[in-house]
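Engineer: sequence and predicted model, in that order:
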Amino acid sequence: MAIKKVWIEEGCTACEMCVDICPDVFEMGDDEAVVKQGVNYDDHASEIEEAADSCPVEVIQYE
């Protein structure tokens, strides 16, 4: 599946799990994780899926 869009919904607890799993796509903002812009998300599809599956509050979404 090609991933063209990644976002984080409200409720991020800043656990940094997504950053640990996929630092090329996720980074820490002031109070929560954010998705880096300008990244070819499809190049990191398996890591994005793993980060979404590992998110303890299930706020990482992709399509």
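Structural biologist: Cool, the structure landed.
Engineer: this structure: helices as residue ranges?
Structural biologist: For the chain, the helices defined by DSSP state H cover 17-21, 45-54.
Engineer: deepest in the core, which of those is it.
Structural biologist: Of the helices of the chain, the one with the most neighbours on average (mean count of other Cβ atoms under 10 Å) is helix 17-21, at a mean of 19. The C-beta positions use only the backbone N, C-alpha and C, and glycine is treated the same way.
Engineer: what does that helix rub up against?
Structural biologist: Contacts with helix 17-21, where a contact means Cβ atoms under 8 Å, 6 or more residues apart in numbering, come from 8, 25-28, 33, 47, 50-52, 54-56, 60.
Engineer: at 10 Å what do you get?
Structural biologist: With contact meaning Cβ atoms under 10 Å, 6 or more residues apart in numbering, helix 17-21 is reached by 6, 8, 12, 25-28, 33-35, 44, 46-57, 59-60.
Engineer: what is the neighbour count of residue 43?
Structural biologist: 12 (other Cβ atoms under 10 Å).
Engineer: just give me the neighbour total for the residue lying closest to it once chain neighbours are set aside.
Structural biologist: Excluding its sequence neighbours, the residue lying closest to residue 43 (Cβ to Cβ, 6 or more residues apart in numbering) is residue 24, at 7.9 Å. When neighbours are defined as other Cβ under 10 Å, residue 24 has 13 of them.
Engineer: same deal with residue 4?
Structural biologist: Residue 4: 10 neighbours (other Cβ under 10 Å).
Engineer: my guess is it contacts residue 39. True?
Structural biologist: No - counting by Cβ atoms under 10 Å, residue 4 does not reach residue 39; the two are 11.2 Å apart.
Engineer: separation between residue 53 and residue 9?
Structural biologist: Applying Cβ to Cβ, to the nearest Å, the value for residue 53 to residue 9 is 15 Å.
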